[in-house]
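Q: structure for this input, please:
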Amino acid sequence: MKPRITLKKIASEFGVSISTVSKALKGSHEISEEVRERIQAYADYYNYKPNNLALQLRNQKTSVIGVIIPEIVHHFFSTVIDGIEHYANQKGYNVMVCVSNESYEKEVLNFNVLTNGSVDGLIVSVARETQENQKFDHFKSLTKDEFPLVLFDRIIDEINCDKVVIDDVGGGYKAANHLMEVGAKRIALITTEDYVTVGSLRKQGYLKALKNKGITIDESLIYYIDDSKNLYQQIEKVINVPNPPDAILAVNEIYAANALIIAKERGLSIPNDIAIIGFTSGLISEFTSPPLTCVEQHGYLMGEQAAELLINRIENTAPKDFQKEVISTNLKIRKSTFIDG
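A: Residues are numbered from 1 along each chain as shown. Model prediction:
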């Protein structure tokens with residue numbers, strides 16, 4: 001028995017978009033006769049039958065938008081979802097959320113499920129494994145078909161779609177500058193591997209702040225975290241050294257909270273011996289002891305803007321050129337970097 005063939009498989013075989021295959025099978029003169037005949041012959045050989053339900057769903061508005069996030073436990077992503085839902089619901093749309101768990105394969109699976117007529121458009125923050133492997137064909141296939149897509153937070157520059165990001169470079173700069181203002185001389189950076197775009201950009205801000213103050217960059221103070229390994233043991237190496245840094249800038253609040261716990265276990269006073277700052281002002285940062293100073297990312301606003309861009313694209317009210325919204329950051333000063341009085 002020949003395998004069941006789909007428009008997507010035919011498109012992949014010929015290196016064209018799904019819409020091109022669809023037009024060819026309908027005899028459209030927009031497609032050259034040679035290509036039409038080759039596609040039709042291939043479809044006939046595999047006994048292609050249109051999925052009428054999928055076609056029906058694809059051709060009618062569902063009033064549902066899909067969201068794919070890397071993980072659900074982070075406060076930042078939950079606030080983004082809140083912002084998306086608030087704006088979407090006001091415009092008469094419901095929201096369907098999927099989690100990639102930082103997996104490329106699961107991200108692709110979510111794409112296939114959601115774009116088979118279930119939703120009118122997608123809002124996505126790219127999985128870490130996708131960024132590491134540089135595998136973006138599922139995004140490119142979507143944009144070829146002009147399927148409405150918005151990327152947020154972790155984006156792919158080469159994908160032509162609307163995007164919403166925070167000013168990660170500016171956030172890293174403000175954080176490092178604040179630590180220098182409170183007297184820090186040796187600031188350690190706890191960051192992701194460089195293929196994770198947000199970590200790389202925040203590192204750029206950190207480096208820019210040090211250079212502007214005339215401080216020589218000490219590469220031994222930059223620690224790259226592998227999230228597939230024990231986080232506590234990796235961050236221990238930042239603090240449990242003969243000459244620990246007098247400040248730490250962590251690119252997320254999980255890293256920052258771990259650093260705070262380890263510093264206290266070593267008997268260091270925070271912020272007298274070591275000041276600590278992280279990104280994302282979530283519940284973890286608010287309820288650590290002492291509470292963590294953070295770079296606020298404004299996830300709710302990011303969610304609202306992503307939903308607005310997507311719905312404008314769905315309803316054909318968006319500008320022809322794709323938009324990139326950049327949200328400014330600000331510091332939430334707490335006692336991990338500041339002593340009152």
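
Q: if I pick residue 124, what's in contact with it?
A: By Cβ atoms under 8 Å, 6 or more residues apart in numbering, the contact set of residue 124 is 67, 68, 69, 107, 139, 149, 150, 151, 152. Quick note: C-beta positions are derived from backbone N, CA and C, even for glycine.

Q: please repeat the previous calculation with a cut-off of 7 Å.
A: 68, 149, 151 (Cβ atoms under 7 Å, 6 or more residues apart in numbering).

Q: identify the bridge partners of it.
A: Here residue 124 sits in beta bridges with residue 68, residue 151, as judged by DSSP bridges.

Q: before we move on, the earlier item: mind putting the contacts of residue 124 in CSV, distance to residue 183 and pLDDT included?
A: Formatted as CSV, the contacts of residue 124 follow (distance: Cβ to Cβ, whole Å; pLDDT from 0 to 100):
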residue, distance to residue 183, pLDDT
68, 43, 98
149, 46, 97
151, 39, 98
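
Q: closest one of those residues to residue 326?
A: Using Cβ to Cβ, the shortest approach to residue 326 within those belongs to residue 151, at 13.0 Å.

Q: in terms of residue numbering, what are the domains of this protein?
A: Following automatic domain parsing, the chain resolves into domains at 7-50, 62-164+299-326, 168-298.

Q: returning to that earlier point: top of the contacts of residue 124 by number of neighbours, please.
A: Ranked by neighbour count (other Cβ atoms under 10 Å), those have residue 149 at the top, with 25 neighbours.

Q: contact partners for that residue?
A: 121, 122, 124, 142, 143, 161.

Q: phi, psi for it please.
A: phi -140, psi 140 (degrees, to the nearest 10).

Q: next one: it from residue 207, what distance?
A: 32 Å (Cβ to Cβ, to the nearest Å).

Q: ok, back up a step: TSV for the contacts of residue 124, including distance to residue 78?
A: TSV is the format used below for the contacts of residue 124 (distance: Cβ to Cβ, whole Å):
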residue	distance to residue 78
68	14
149	22
151	19
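
Q: and the helices in the stretch 201-341 of the chain?
A: Applying DSSP state H, counting those that start in this stretch to the stretch 201-341 of the chain gives helices spanning 231-239, 253-265, 283-287, 299-314.

Q: export the shortest one to PDB, keeping only CA atoms.
A: Written as PDB, here are the backbone C-alpha positions of helix 283-287 (Å, rounded to 0.1, in the frame of the first residue of the first chain):
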ATOM      1  CA  LEU A 283       7.300  35.700  42.500                       C
ATOM      2  CA  ILE A 284      10.600  33.900  43.000                       C
ATOM      3  CA  SER A 285      12.400  37.300  43.000                       C
ATOM      4  CA  GLU A 286       9.900  38.900  45.200                       C
ATOM      5  CA  PHE A 287      10.000  36.300  48.000                       C
END
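
Q: ok, and what's touching it?
A: Outside of helix 283-287, the residues within contact range by Cβ under 7 Å, 6+ apart are 75, 253, 257, 278, 291, 292, 294.

Q: low-confidence ranges, this structure, go.
A: Along the chain, segments meeting pLDDT under 70 span 1-4, 50-60, 339-341.

Q: okay, strands next: where are they in it?
A: For the chain, the strands defined by DSSP state E occupy 64-69, 94-99, 121-124, 149-152, 162-166, 187-192, 222-225, 247-250, 275-279, 293-296, 324-327, 330-332.

Q: next one: the third one to chain centre, how far?
A: Per Cα atoms, centre = their mean, to the nearest Å, the displacement of strand 121-124 from the mean C-alpha position of its chain is 11 Å.

Q: likewise for the first one?
A: Between the centre of strand 64-69 and the centre of its host chain there is 13 Å, according to Cα atoms, centre = their mean.

Q: now the second one
A: Centre-to-centre, strand 94-99 and its host chain are 15 Å apart (Cα atoms, centre = their mean).

Q: sort out which residues of that strand are buried, please.
A: 95, 96, 97, 98, 99 (16 or more other Cβ atoms under 10 Å).

Q: go through those residues and name the one nearest residue 41.
A: residue 98 (36.8 Å).

Q: identify the residue nearest that closest one in space, chain neighbours excluded?
A: residue 110 (4.1 Å; Cβ to Cβ, 6 or more residues apart in numbering).

Q: one step back: out of the helices of the stretch 201-341 of the chain, which is closest to residue 217?
A: Checking the helices of the stretch 201-341 of the chain against residue 217 by Cβ to Cβ gives helix 231-239 as the closest, at 16.4 Å.

Q: the nearest residue to residue 72 once chain neighbours are set aside and residue 304: what is the separation?
A: Using Cβ to Cβ, 6+ apart and skipping residues adjacent in sequence, the residue nearest residue 72 is residue 99, 5.3 Å away. Applying Cβ to Cβ, the value for residue 99 to residue 304 is 21 Å.

Q: related to what we said a few turns ago, for the residue nearest to residue 98, give me its contacts.
A: Taking Cβ under 7 Å, 6+ apart, we find residue 110 in contact with 68, 98, 100.

Q: quick check: residue 14 touching residue 37?
A: No - with contact defined as Cβ atoms under 7 Å, residue 14 does not count as touching residue 37 (11.8 Å).

Q: who's more crowded, these two?
A: Legend: neighbour count by other Cβ under 10 Å for residue 14 and residue 37, higher for residue 14 (15 against 12).

Q: that older thread, what is the nearest of the buried residues of strand 94-99 to residue 211?
A: Looking across those and measuring by Cβ to Cβ, the closest to residue 211 is residue 99, at 38.2 Å.
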